[in-house]
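Student: my questions are about this predicted structure, shown below with the sequence.
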Amino acid sequence: MIYTITFNPALDYIVRVDDFKLGSVNRTSYEEIYAGGKGINVSIVLNNLGVESKVLGYIAGFTGDEIERKVKEFGCDSDFIKLHNGMSRINVKLKSSEESEINGQGPQVNNESLEELYKKLDFLKEDDILVLAGSIPSTLPKDIYESIMKRLDGRKIKFVVDATGDLLLNVLNYKPFLIKPNHHELAELFNVEIKNEDEIIHYAKKLKEMGARNVLISMAGDGAIFVTETGEVLKSAVPKGKVRNSVGAGDSMVGGFIAGYLKHNKLEEAFKMGVATGSASAFSDGLATKDKVEELLLEII
């Protein structure tokens, strides 16, 4: 079974204003509300590709109820922990001549609720996949990812980590099956400026030396680079298409990689599936669908 954790999910309120003017009343030309959060996105994409997973995380208030409803509406199985105080956040994503975002804070997670999550994770078994994706709320310990992996260490669970900064660096000792920083995040991890593919490969291999089994670097329109656990370097350009929405493309790449790996049990095929799935989301208004992924797979050599 695949499990995804979204510690601070949100309702993403996406609006388009043709000519936004600060300090004035503005009217939307388009609006939509989605259940947001990196782990949730991964699970939705997996479901679209015919792969079952379970969504874990925290929800609160009427917004939390709506997040859970929308996740189930997408066909995903969920086992959220409901907090008694506060409300799940609403993130406003404004699209106009420039894109702006206002992200909410989310509810507080206390020690009792954290222990409840640990008890759910204790049921994971050999060959299960656990996806740890995204930032964490300020009320949680900064080493939460590390604590989870330490608790489950030695049980042959495959960890997939899509995080930034110390949140990622601190888990490398536990040899995650896959990590997926983008090229900007890679540069930030080592506090350097990366200028070309050779440098991307150099620092991706450093992450592998530090413990990661497989390192997938997404580069938006420039494609992706993958360093496998055997040290092989694979490169892929992105398929041709018009970018309609960049939100969730990285999460979709993670979901596609997992789906491809489970289907073929080959890292090269997983990489191709990841690139196709990330592109499918980028070229769509929503997250990748199976038909779109299969169409784009034909373009990836």
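Tutor: Sure, I can see it.
Student: F159 against E146, yeah?
Tutor: No - counting by CB atoms under 8 Å, F159 does not reach E146; the two are 10.9 Å apart. Where you see a C-beta, it was placed from the backbone N, CA and C, and this is true even at glycine.
Student: with neighbour numbers in mind, choose between those two.
Tutor: A direct count of neighbours by other CB atoms under 10 Å for F159 and E146 places F159 higher, at 23 against 19.
Student: what is in contact with F159 and E146 at once?
Tutor: Between them, F159 and E146 share these contacting residues under CB atoms under 8 Å, 6 or more residues apart in numbering: 171, 174.
Student: any weak-confidence spans in this protein?
Tutor: Along the chain, segments meeting pLDDT under 70 span 301.
Student: correct me if wrong: N85 contacts Q108.
Tutor: Yes - judged on CB under 8 Å, N85 makes contact with Q108 at a distance of 6.6 Å.
Student: double-check that E68 belongs to a strand.
Tutor: No - the assignment for E68 is helix, going by DSSP: H, G, I helix; E, B strand; the rest coil, so no strand is present there.
Student: need the contact list for it.
Tutor: 59, 78, 80.
Student: just give the number of residues close to A35.
Tutor: 28.
Student: that should have said V92, apologies.
Tutor: Count around V92 with other CB under 10 Å applied: 15.
Student: again, but for the one 4 residues further on
Tutor: Other residues within reach of S96, judged by other CB under 10 Å, total 16.
Student: repeat for the one 5 residues further on
Tutor: E101 has 12 neighbouring residues, counting by other CB under 10 Å.
Student: next one: phi and psi at the closest residue to it other than its chain neighbours?
Tutor: The shortest distance from E101 to any non-neighbouring residue, by CB to CB, 6 or more residues apart in numbering, is to K93 (5.2 Å). Phi and psi for K93, reported as degrees, to the nearest 10, are phi -120, psi 110.
Student: distance-wise, check V215 relative to D12.
Tutor: When distance is defined by CB to CB, to the nearest Å, V215 is 28 Å away from D12.
Student: neighbour-wise, which of these two wins?
Tutor: In this view V215 and D12 are compared by other CB under 10 Å, and V215 has more residues nearby, 26 against 23.
Student: make sure the more buried one is actually in contact with K206.
Tutor: No - taking CB under 8 Å as the definition, V215 is not a contact partner of K206, at 9.1 Å.
Student: next, the contact list for K205, please.
Tutor: So K205 contacts 215, 227, 231 (CB under 8 Å, 6+ apart).
Student: could you tell me which residues make contact with the residue nearest to S53 when sequence neighbours are not counted?
Tutor: Nearest residue to S53, sequence neighbours excluded (CB to CB, 6+ apart): I2, at 3.9 Å. I2 makes contacts with 43, 46, 51-54, 128-131, 258, as judged by CB under 8 Å, 6+ apart.
Student: what segments of the stretch 51-200 of the chain are strands?
Tutor: 53-60, 77-78, 81-83, 89-95, 99-102, 129-133, 158-162, 178-179 (DSSP state E, counting those that start in this stretch).
Student: now render those as a markdown table, adding distance to T277.
Tutor: Conversion of these to a markdown table gives the following (distance: least, CB to CB, whole Å):
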| stretch | distance to T277 |
| --- | --- |
| strand 53-60 | 14 |
| strand 77-78 | 20 |
| strand 81-83 | 28 |
| strand 89-95 | 21 |
| strand 99-102 | 23 |
| strand 129-133 | 14 |
| strand 158-162 | 14 |
| strand 178-179 | 14 |
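Student: now the closest residue in space to G260 that isn't next to it in sequence: which helix or strand?
Tutor: The spatial neighbour of G260 that comes closest, neighbours along the chain excluded (CB to CB, 6+ apart), is M273 at 2.7 Å. Remark: M273 resides in helix 267-282, with elements defined by DSSP states H and E.
Student: next helix or strand past that helix?
Tutor: By DSSP H and E, the next helix or strand past helix 267-282 is helix 290-297.
Student: what comes up buried for that following helix?
Tutor: Across helix 290-297, burial judged by 16 or more other CB atoms under 10 Å covers 292-293, 296-297.
Student: got the phi and psi for the residue nearest to S53?
Tutor: The phi/psi pair for I2 (degrees, to the nearest 10) is phi -100, psi 130.
Student: name whatever forms a beta bridge with it.
Tutor: S53, I129 (DSSP bridges).
Student: distance check, it against A270.
Tutor: 13 Å.
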